[in-house]
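Q: I need the structure of the sequence given here:
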Amino acid sequence: MKLVYWQENIFKVNLIFFILIFFLVSCSDQIEQEHDAQTFNSLIEEYDFHPSKINIVIKDNIDIKGRPTTAGSLALEDNIAEDNAYLVQKLLDNNFHIAGKANLSEWANFRSYYSVSGWSSIGGQTYNIVGLDFNPCGSSSGSAVAVAVGIVDVAIGTETNGSISCPSSVNGIVGMKPTVGLVSRTGIIPISVSQDTAGPMGKNVTIVARTLEAIAGYDPKDSATAEIPQNFDFNFLENLKQSSLKGKRLGVLQSDLSDRHANELLNKLQTILEQAGAEVVLLNDQRAYPYEDEYFLLKYEFKTGLEDYLLNATESKKTLEEIIYFNEQNAETVMPFFGQEILLESLETENLIEQYQRAIDATQKTKAETIAFLKSNKLDAFVGLTRGPAWKINYEGGDDKAMDDVPSFSMGGFAAISGLPHLTVPFFQMDQFPIGVSFIGLPWSDKRILELGAALEREFTNYDGKDFIAMENTPIKSSFLIIDVRSDAEVLEGQLQDSVHIEWTQIADSIDTVTSSKDQQIYLYCRSGGRAGRAELILKDLGYQNVENLGSIEQASNILDRKILKLAN
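A: Numbers count the residues shown, from 1 in each chain. Reported below is the predicted structural model:
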């Protein structure tokens, strides 16, 4: 009897212990998921925060001593930096505190033509601040989102072509791509020695200018920094508060004349600039973009630059070929959504020196044309819309396919090729999606560009047109649609994240305005499920077959893993 009693108690103790461990693991997973949702999965590593210094996060293609530098790739998860990147050390010397490593598009979006911005095999998917279905752009995705959600006031990103300006614009923050050569690239995993630069991304122009002051300057290990003029003024904060658009001559780059949404915003921008005293010039831009030459240049320089970096790194893989082989051997975890065509093409550029020289000549010609365009029109800067709105995350076709579903325009390509300073400042919206305004200037005009941005930022506080441009004729297509069919009064009490509101009595008349096709998955909810059930029958009678009644708002929240947001949210 005693033995049986003892065995029964041991069984109970083990059962309780098992339940306790299961509970703790489940809670841990839930806390981690909630943390990821709150941060939009912007960080790969989160360190401690300093109470008095400026906390900043660093993109994970930049060396921090004692931490892995991965470029988002599992292939480099053991690449522990022995020293700080030059710019990281300058930050530490100027009262900044490193608070974390930011996620990025793997290999800075230079692995596949079908890549999904913000995804890496190290960090997973970073999300746009508008919602978890939307892409944050890249490659400095985590840097932008960490600022946008308020983890830090400023972050460091890198750009070869659009990797600071695009995620800054679509997440509604300030982003600065400096003149190439103003900031050292030592200790950064490269793509292109011709176009790469690091730059600050922050909540306002002031913190961005403060950070650029800290990281700019000559580095004997980066020859591009030797081009900084001897009389260059590094006092970026000076005159920011007094800066003005009055009397400035600004040339409007008309992003995409075929898009009516872009045209409407450009017209508003022109009016705002003129009211602020600027002279606005509508430019006739006849420049031709050297797409093929630029891309060959990037592929050629990526292989040589990466292998130069790996030569002195702790990582055991020392060649691009070894990286490619690792990816092939670990395809399930490294390449679940897209391949590595660009890495393979980069490998094939070896010894194509004559084609590389032609590519250099072509891009240098474009740079000369762009500088001449600025000077001949006697401009203080180009100005225009940075980028179109965020697109849906799409793992089946990548960014290019997803961008087909939204208005697409941009103006940063020529600045990237030409190494020019490019600042984006949040100003407009299309529906709920942020749209930045860009200033692009001559080489080494970074201080002037920041002053223009600060002046526009002040205009925003006085701008009475903060209602946004609605894309009513071009609804963003999603994999599924959530519809709240309750009354207006009920919606004021709270609405499900990412849902649209159509009262059930109006569902037949309004459904066409929010759906992309009759095959789209539609989820309905109300207070208890009754009205959602009636709406379901109406939609099925209209030919919508993938319709599901989820019941109450609380049930829909649990099933779809969406928050219930109050009106103020």
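Q: From here on, just use CA atoms for contacts and neighbour counts.
A: OK.
Q: Extract the CA atoms of stretch 68-88 and return them as CSV.
A: The C-alpha coordinates for stretch 68-88 follow below in CSV (Å, rounded to 0.1, in the frame of the first residue of the first chain):
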residue,chain,number,x,y,z
PRO,A,68,27.5,38.9,-34.6
THR,A,69,27.3,40.9,-37.9
THR,A,70,25.1,38.8,-40.2
ALA,A,71,23.6,40.9,-42.9
GLY,A,72,20.5,39.0,-41.9
SER,A,73,21.9,35.6,-43.1
LEU,A,74,22.3,32.4,-41.2
ALA,A,75,25.5,32.0,-43.2
LEU,A,76,27.1,34.6,-41.1
GLU,A,77,25.5,33.9,-37.7
ASP,A,78,29.0,33.1,-36.2
ASN,A,79,30.6,36.3,-37.6
ILE,A,80,31.5,37.9,-34.3
ALA,A,81,33.0,41.4,-34.9
GLU,A,82,36.4,42.0,-33.3
ASP,A,83,36.1,45.8,-33.5
ASN,A,84,33.5,48.4,-33.8
ALA,A,85,32.7,49.8,-37.2
TYR,A,86,34.3,53.3,-37.6
LEU,A,87,30.9,55.0,-37.3
VAL,A,88,29.9,52.9,-34.3
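Q: Give me the mean pLDDT for it.
A: In this model, stretch 68-88 has a mean pLDDT of 98.
Q: likewise stretch 415-434?
A: 95.
Q: what do you get for stretch 493-502?
A: Stretch 493-502 comes out at a mean pLDDT of 84.
Q: likewise stretch 558-567?
A: 76.
Q: what about residue 253, distance to residue 412?
A: 10 Å (C-alpha to C-alpha, to the nearest Å).
Q: just residue 559 next, same as before
A: 41 Å.
Q: With neighbour numbers in mind, choose between these two.
A: Shown here are residue 559 and residue 412; by other C-alpha atoms under 10 Å, residue 412 has more neighbours (27 against 10).
Q: The nearest residue to the more buried one once chain neighbours are set aside: what's it in contact with?
A: Spatial nearest neighbour of residue 412, excluding adjacent residues (C-alpha to C-alpha, 6 or more residues apart in numbering): residue 162 at 6.3 Å. Applying C-alpha atoms under 8 Å, 6 or more residues apart in numbering, we find residue 162 in contact with 138, 412, 413, 416.
Q: and what of residue 500?
A: By C-alpha under 8 Å, 6+ apart, the residues touching residue 500 are 481, 482, 483, 484.
Q: ok so it is a strand residue?
A: Yes: per DSSP: H, G, I helix; E, B strand; the rest coil, residue 500 lies within a strand segment.
Q: Of the contacts of residue 162 - the most surrounded one?
A: For those, the largest number of neighbours (other C-alpha under 10 Å) sits with residue 138, at 32 neighbours.
Q: low-confidence ranges in the stretch 151-300 of the chain?
A: Within the stretch 151-300 of the chain, the segments meeting pLDDT under 70 span 255-258.
Q: Quick one: the strands in it, in order.
A: For the stretch 151-300 of the chain, applying DSSP state E, counting those that start in this stretch gives strands covering 154-159, 174-177, 197-202, 249-252, 279-282.
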